[in-house]
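[1] Okay, sequence plus prediction incoming.
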Amino acid sequence: MLDDDALRKYLTTADEMLSSRHLDCLLTTHALPIVTAIVEARMHVSLRRQDGRTQTQTEQDAEDLCGRVLLDLTERLGALRKAPSSPPISDFRAYVAMTTYRAFGRHLAGRYRSRTALREQIEYLLTHRTEFACWVQKPQGRLCGLAQWRDQGTPAAVRNRLHALRADPNACLREVIPANNQADGLPLQNLITKVFEWLGGPLALEELVHIVAALRGVEETTFASLSDEAVALQADSATSGETDLSAQAEQRDYIRVLWAEL
């Protein structure tokens, strides 16, 4: 295959300048399209530039992830070139795909930990700051808000505002966040206060976590997402007719890595 031939040229060329050109070709021509395709599919974004449109946080994260994968590949290939006796890469395309899936698994696990940490910070503030309160209100469950709202339910007007807030958190809160500030730059207790003041009434704790996470660019990730990635990897391998034993071993190792991240 052309990509395996390009890999061989990079690893065996003695001239460092020529080897560098082979590496650049290997990464940009052969690896990058594979990395981009996987990241776009898994993160549900398009990395094709569109004139006049600002990148979303997810698109920025996707580009950063592609960059990290290319850096991982560069380091691995460099180490392989310096130690030719190391176990070889038998299928470069499969290796690039595996490296991308592994990086994405770490990305998902990091997102999960970030959201869990954010939830714990919010709960701590709600239960330790006198201006806030958290209580159980049947049948809605655990609610939160300003202290003077304690033991109240969520009124219809607040539910309407919540609907608008879910649709576009930044647009709704722009009127209460100073123009020179960003939501992710405000201290957490100030941001929570702004959300409460804009809503004008209590809301479910999980709803508050979702809103603050959206404002701060912390995406929701679940254990199921990691499991889905492992299943998808196995399906991709099966449809490609992969029979290489070392690749299969890497797949099993990858699935262990996903769960080890948690």
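    Perfect, thanks for sending it.
[2] hey, where'd the strands end up in the protein?
    Secondary structure of the chain, counting by DSSP state E: strands at 132-137, 141-146, 203-204.
[3] So which elements touch the second one?
    The contact analysis (3 or more C-beta pairs under 8 Å, 6 or more residues apart in numbering; DSSP states H and E) places strand 141-146 against strand 132-137, helix 188-199, strand 203-204, helix 205-215. Where C-beta positions appear, they are placed from N, C-alpha and C, glycine not excepted.
[4] cool, and the first one?
    Under the contact criterion of 3+ C-beta pairs under 8 Å, 6+ apart, the helices and strands touching strand 132-137 comprise helix 92-128, strand 141-146.
[5] Report how many residues lie close to the residue nearest to Ser86 when sequence neighbours are not counted.
    Among residues not flanking Ser86 along the chain, Leu80 sits closest, at 5.5 Å (C-beta to C-beta, 6 or more residues apart in numbering). By other C-beta atoms under 10 Å, the residues close to Leu80 number 17.
[6] Over to Thr28?
    By other C-beta under 10 Å, the residues close to Thr28 number 11.
[7] same deal with the one 3 residues further on?
    For Ala31, the neighbour count with other C-beta under 10 Å is 27.
[8] And the pLDDT at it?
    Ala31 is assigned a predicted lDDT (pLDDT) of 92.
[9] With the one 3 residues further on instead?
    Model confidence at Ile34, expressed as pLDDT, equals 93.
[10] Leaving aside the residues adjacent along the chain, what's closest to it?
    Nearest residue to Ile34 in three dimensions, chain neighbours excluded: Val96, at 4.7 Å (C-beta to C-beta, 6+ apart).
[11] ok, the one you found - contacts?
    30-31, 34-35, 69, 73 (C-beta atoms under 8 Å, 6 or more residues apart in numbering).
[12] returning to that earlier point: rank the helices and strands packed on strand 132-137 by pLDDT, which is bottom?
    helix 92-128 (a mean of 87).
[13] Direction-wise, compare that one with strand 141-146 and give the angle.
    70 degrees (axes from the mean of the first three to the mean of the last three C-alpha atoms, to 10 degrees).
[14] just the angle between helix 92-128 and helix 205-215, please?
    Using the same axes, to 10 degrees, helix 92-128 lies at 130 degrees relative to helix 205-215.
[15] Gly153: which of the strands of the chain is closest?
    Proximity to Gly153, assessed across the strands of the chain by C-beta to C-beta, is greatest for strand 132-137 (5.4 Å).
[16] partners of that closest one, with directions?
    Strand pairing for strand 132-137, determined by DSSP bridges: strand 141-146 (antiparallel).
[17] Going by neighbour count, list what's buried in the partner strand.
    143-146 (16 or more other C-beta atoms under 10 Å).
[18] Excluding chain neighbours, what is closest to Cys25?
    In space, Cys25 is closest to Ala6, 5.9 Å off (C-beta to C-beta, 6+ apart).
[19] how many neighbours does that neighbour have?
    19.
[20] and it, what is it in contact with?
    By C-beta under 8 Å, 6+ apart, the neighbours of Ala6 are 22, 25-26, 29-30, 92.
[21] Kindly recompute the last result at 10 Å.
    22-23, 25-27, 29-31, 92 (C-beta atoms under 10 Å, 6 or more residues apart in numbering).
[22] go on, Ile34?
    Contact analysis of Ile34 by C-beta under 10 Å, 6+ apart lists 3, 69, 92-97, 99-100.
[23] Give me the phi and psi for Asp151.
    phi 70, psi 10 (degrees, to the nearest 10).
[24] how far away is the nearest residue to it once chain neighbours are set aside from Val39?
    Once flanking residues are discounted, Asp151 sits nearest to Trp135: 5.8 Å by C-beta to C-beta, 6+ apart. Distance of Trp135 to Val39, given as C-beta to C-beta, to the nearest Å: 43 Å.
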